[in-house]
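Student: Starting from these lines, generate the structure:
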Amino acid sequence: MRICVYCASSNQADPRFREAAFRLGQILAGDDHEIVYGGGSAGSMGAVADGALSKGGAVIGILPRFMADLEWGHPGLTHLELVDDMRERKHRLLTDSDAVVALPGGCGTLEELFEAITLKRLGLYFNPIILLDTLGYWQPLDAFLHQVIAQHFMNPEHAKMWNRVAAPEDVLPAIRNAPKWDADARARAVVR
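Tutor: This next block holds a predicted model:
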């Protein structure tokens, strides 16, 4: 599988976030999956790439040119694709991916995650979306999304668009066991 990983570049966050990202990279590469991610070298971004590379895994980075100019890119990737802007980066990350895994992160990670959820709701992306809930990071967002459903801004079945897991070891089983999302998604997109 080609697995898209959304993650942060902060080195200031709790080191356990980077440790979980490194372990995830090792697990995905150890099971012979390709990782596509934002291409950075710092924080969880660098850690997930380093973890996969330590196991001989394939890691593709998608990096906007301005970030490359700032030398934010990871120097050891299997392939680094430079794109013009953040919009193209998000599109390229999802294109041909078989699943999305969102690690804890800031506004960039949240934007990417919400775009994936929105595209899935609209029947434009059908694959699993997994939230790696290191240190309970995603619990408040999960609760908020359930509030969105309770307030009738989304339908109850939309809660099946993502799955929250506690540990890197839980990611691949969650991907494999994710409920099927199909072309009927558009019929469910409008709130009833």
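Student: Only C-alpha atoms from now on, for both contacts and neighbour counts.
Tutor: OK.
Student: ok, Ser10 touching Ser41?
Tutor: No - between Ser10 and Ser41 there is no contact under CA atoms under 8 Å: 10.1 Å.
Student: which ones are touching the closest residue to Asp85 other than its chain neighbours?
Tutor: Spatial nearest neighbour of Asp85, chain neighbours left out: Pro64 (5.1 Å); criterion: CA to CA, 6 or more residues apart in numbering. Residues in contact with Pro64, defined by CA atoms under 8 Å, 6 or more residues apart in numbering, are 82-86, 89.
Student: list the buried ones in the lowest-mean-pLDDT helix or strand in the chain?
Tutor: Using mean pLDDT, DSSP states H and E, the weakest-scoring helix or strand in the chain turns out to be helix 185-189, at a mean of 77. By 16 or more other CA atoms under 10 Å, the buried positions in helix 185-189 come out as 185, 188-189.
Student: Just the CA trace of that helix, in PDB.
Tutor: Output in PDB follows, covering the C-alpha atoms of helix 185-189 (Å, rounded to 0.1, in the frame of the first residue of the first chain):
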ATOM      1  CA  ALA A 185     -21.100   8.400  -0.200                       C
ATOM      2  CA  ARG A 186     -22.600  11.200  -2.300                       C
ATOM      3  CA  ALA A 187     -26.100  10.100  -1.500                       C
ATOM      4  CA  ARG A 188     -25.100  10.300   2.200                       C
ATOM      5  CA  ALA A 189     -23.300  13.700   1.900                       C
END
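Student: for it, packing partners?
Tutor: Counting contacts by 3 or more CA pairs under 8 Å, 6 or more residues apart in numbering; DSSP states H and E, helix 185-189 packs against helix 107-121.
Student: Let me see the mean pLDDT of the helix it packs on.
Tutor: Per-residue pLDDT over helix 107-121 has a mean of 96.
Student: Tell me the helices and strands packed up against it.
Tutor: With contacts defined as 3+ CA pairs under 8 Å, 6+ apart, helix 107-121 has these neighbours: strand 2-6, strand 99-102, helix 185-189.
Student: next one: it to chain centre, how far?
Tutor: Averaging C-alpha positions (CA atoms, centre = their mean, to the nearest Å) puts helix 107-121 9 Å from its chain's average.
Student: Contacts for that helix, please.
Tutor: 6-8, 90, 94, 100, 102-103, 125-127, 129, 158, 161-162, 181, 185-186, 188-189.
Student: And it, what's buried?
Tutor: 109-110, 112-113, 115-117, 120-121.
Student: And the pLDDT at Thr78?
Tutor: For Thr78, pLDDT reads 97.
Student: what's the spacing between it and Leu103?
Tutor: Going from Thr78 to Leu103 by CA to CA, to the nearest Å gives 21 Å.
Student: Looking at these two now, which is surrounded by more residues?
Tutor: Remark: of Thr78 and Leu103, Leu103 carries more neighbours, 29 against 16, as counted by other CA atoms under 10 Å.
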